[in-house]
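1. Return a 3D structure for these sequence lines:
(one chain, ligands or ions: 2)
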Amino acid sequence: MLLEIVLAATAVSLTPDAEIQAAAASLRAALVATRRDIHQHPELGNREVRTGTLVADRLRALGLEVRHPVAKTGVVGILRGARPGRVVAIRADIDALPIQERNEVPYRSENPGVKHACGHDAHTAIALGAAEVLSRLKPRLPGTVVFLFQPAEEGRPEGEEGGAGLMIKEGALDDPKVEAILGLHMDPFLDIGQVGWSIGPIFASSDTFVIEVEGKRTHGAYPHTGLDPIPVAAEIVQALQLVVSRQIDAQNPKVLTIGEIHGGNRFNILADRVTLKGTMRTLDPAVRREIKERVARTIKGVAEAHGTTASLRFVDEGNSPTMNDAALTRALVPALQRVYGKEHVLEVRPQMGAEDFAAFAERVPGLYIKMGIRNEARGITAPIHTEDFDIDEDVLPLGVRAMATLAWDYLIRGR
Ligand SMILES: [Zn+2]
Ligand SMILES: [Zn+2]
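-> Numbers count the residues shown, from 1 in each chain. Ligands and ions are numbered 1, 2, ... in the order given. Predicted coordinates for the structure are as follows:
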């Protein structure tokens, strides 16, 4: 009798590491097949019709409650364990990029000009694999796991809603009420078998902006009879770098990049308008607000000094910095250490890339981890968002194990 009580207590208080490991390993071939299927059929943001349907069908086959479509093409899958308890979400993004695949691999993209160059095919396969592993253990699962398959992380066609924000708007974090959320990304800076975490920011905020400098067209030989927006635009480009380097505390990471300048029609005619487009990044919401205000002031001031006008507008709402909750991260790093081995679990520095996972992590405590996929010996070193990007597929069973273990640990321990 006493032994039974002890066994029952142990079953509740421990994550079934061995079972999760065995189940993830047994899925290896299926995970590779799923990832390659999705890789061969990449779809852009808000157009993930095939991918979303594939995910929804798989989740239904596993016996999950499925909501589809959510946020245009996304899927919410709910796995209720036999034991009552907490609610944790695992989020995978499902969209691809407008990049032509250059890899000569059997699973090469069949959609010209579109490629899973950010590893979202792997994120999707891993989340599906975690759903399968955890459904096998459903009779012992001490709580609920919500799987969020999110469209349009990379952006969406102009004028359309989408991404994490729309998932939230359509109730992805409600009913059941999600109490913590886990996210993952492939990371070619880390070797296969390594995983990275951080407390606080792991990705930057990102805001896309457009500046329009107004001019007045005239013959280039008589500039005083018009208004030349080109030198004003040039001065704005320089002045904005001074905002970054002189006006914000050097201790705060930030980037401001102007990636596009358009203006003018002919070499000897003053342009009537110059348009500049760029991105700004920070790791701190306060710095994000500050840099936006200072950029607006600087643009206005430079334009006024030259008797012209310039406007600034932000495209959509942008992303906040992606913040890892300190308590949640501390509670779950031991889970990563059990899966990867202590020496392969690395505290990493935040990157200035951005992630709309930030929107989820603003509402509930989040942990976002980076899974190593680099394998120099096999030539897998290309950065994300490139024609050559690929992953070491050993990450798939390992990733499944990691996500299932993290979820289970959270259900037992909370934060
Ligand atoms: Zn990306
Ligand atoms: Zn990505």
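
2. Share the number of residues neighbouring the residue nearest to M186 when sequence neighbours are not counted, please.
-> Excluding the flanking residues, the one nearest M186 by CB to CB, 6 or more residues apart in numbering is G119, at 3.2 Å. Yep, even glycine has a C-beta here, placed from its N, CA and C like the rest. Using other CB atoms under 10 Å as the criterion, G119 is surrounded by 25 other residues.

3. I'd say G119 and F389 touch.
-> Yes - with contacts defined as CB atoms under 8 Å, G119 counts as touching F389 at a distance of 7.4 Å.

4. can you tell me how far the residue nearest to R217 when sequence neighbours are not counted sits from L44?
-> Nearest residue to R217, sequence neighbours excluded (CB to CB, 6+ apart): D272, at 4.4 Å. With distances taken as CB to CB, to the nearest Å, D272 is found 34 Å from L44.

5. circling back: so the residue nearest to R217 sits against G215, correct?
-> Yes - with contact defined as CB under 8 Å, D272 reaches G215; the gap is 5.3 Å.

6. what is in contact with the two at once?
-> Jointly contacting D272 and G215 under the rule CB atoms under 8 Å, 6 or more residues apart in numbering are P229.

7. which of those two has more neighbours?
-> The neighbour comparison of D272 against G215 (other CB under 10 Å) goes to G215, with 23 against 16.

8. show me what contacts the more buried one?
-> In this structure, G215 makes contact with G226, L227, D228, P229, I230, V232, L270, A271, D272, R273, V274, T308, judged by CB under 8 Å, 6+ apart.

9. Break down the protein into its helices, ranges please.
-> Listed in chain order, the helices found in the chain under DSSP state H are 2-13, 17-26, 28-40, 49-61, 120-136, 163-169, 229-242, 285-305, 326-340, 357-363, 395-413.

10. counting contacts, what elements does the fifth one pack onto?
-> If I follow you right, that is helix 120-136. Helix 120-136 makes packing contacts with helix 17-26, helix 28-40, helix 49-61, strand 74-80, strand 83-93, strand 142-150, strand 180-191, helix 395-413 when contacts are defined by 3 or more CB pairs under 8 Å, 6 or more residues apart in numbering; DSSP states H and E.

11. by how many degrees do that helix and helix 49-61 diverge?
-> Computed by axes from the mean of the first three to the mean of the last three CA atoms, to 10 degrees, the angle separating helix 120-136 from helix 49-61 equals 10 degrees.

12. Could you give me the buried positions within helix 120-136?
-> Taking 16 or more other CB atoms under 10 Å as the neighbour-count basis, helix 120-136 is seen to contain the buried residues 120-136.

13. same question, the third one
-> If you call a residue buried by 16+ other CB under 10 Å, then helix 28-40 has these buried ones: R28, L31, V32, T34, R35, R36, D37, I38, H39, Q40.

14. Looking at these, spot the one nearest G85.
-> Taking CB to CB as the measure, G85 lies nearest L31 of the buried residues of helix 28-40, at 26.9 Å.

15. Could you list the low-pLDDT ranges of this protein?
-> For the chain, applying pLDDT under 70 flags the ranges 1-12.

16. Now for T208: which residues touch it?
-> Applying CB under 8 Å, 6+ apart as the definition, the contact partners of T208 turn out to be K277, G278, T279, F314, V315, D316, G318.

17. Looking at these, which one is closest to Y410?
-> G318 (29.0 Å).

18. The closest one: neighbour count?
-> Around G318 sit 19 other residues, with neighbours defined as other CB under 10 Å.

19. wouldn't it be in contact with S206 here?
-> Yes - with contact taken as CB under 8 Å, G318 and S206 are classed as touching, separated by 5.8 Å.

20. thinking again about what came up before, for R102, find the nearest of the helices of the chain.
-> Of all the helices of the chain, it is helix 28-40 that lies closest to R102, at 13.5 Å by CB to CB.

21. How many residues are close by the closest residue to G183 other than its chain neighbours?
-> Computed as CB to CB, 6+ apart, the closest residue to G183 that is not its neighbour in sequence is Y368, at 4.0 Å. By the measure other CB under 10 Å, the count of residues near Y368 is 25.

22. Could you tell me which residues make contact with Y368?
-> Contacts for Y368 (CB under 8 Å, 6+ apart) come out as L182, G183, L184, H185, I202, F203, T322, N324, E355, F357, A361.

23. what's the distance between the fourth one and Q351?
-> Meaning H185. Spatial separation of H185 from Q351 under the definition CB to CB is 10 Å.

24. Kindly report the same for F267.
-> Relative to Q351, F267 is positioned 41 Å away (CB to CB).

25. next one: Q100
-> With distances defined as CB to CB, the gap from Q100 to Q351 amounts to 25 Å.

26. Tell me which of these two has more neighbours.
-> Counted by other CB under 10 Å, Q100 and Q351 do not tie: Q351 has more neighbours, with 21 against 13.

27. Many thanks, have a good one.
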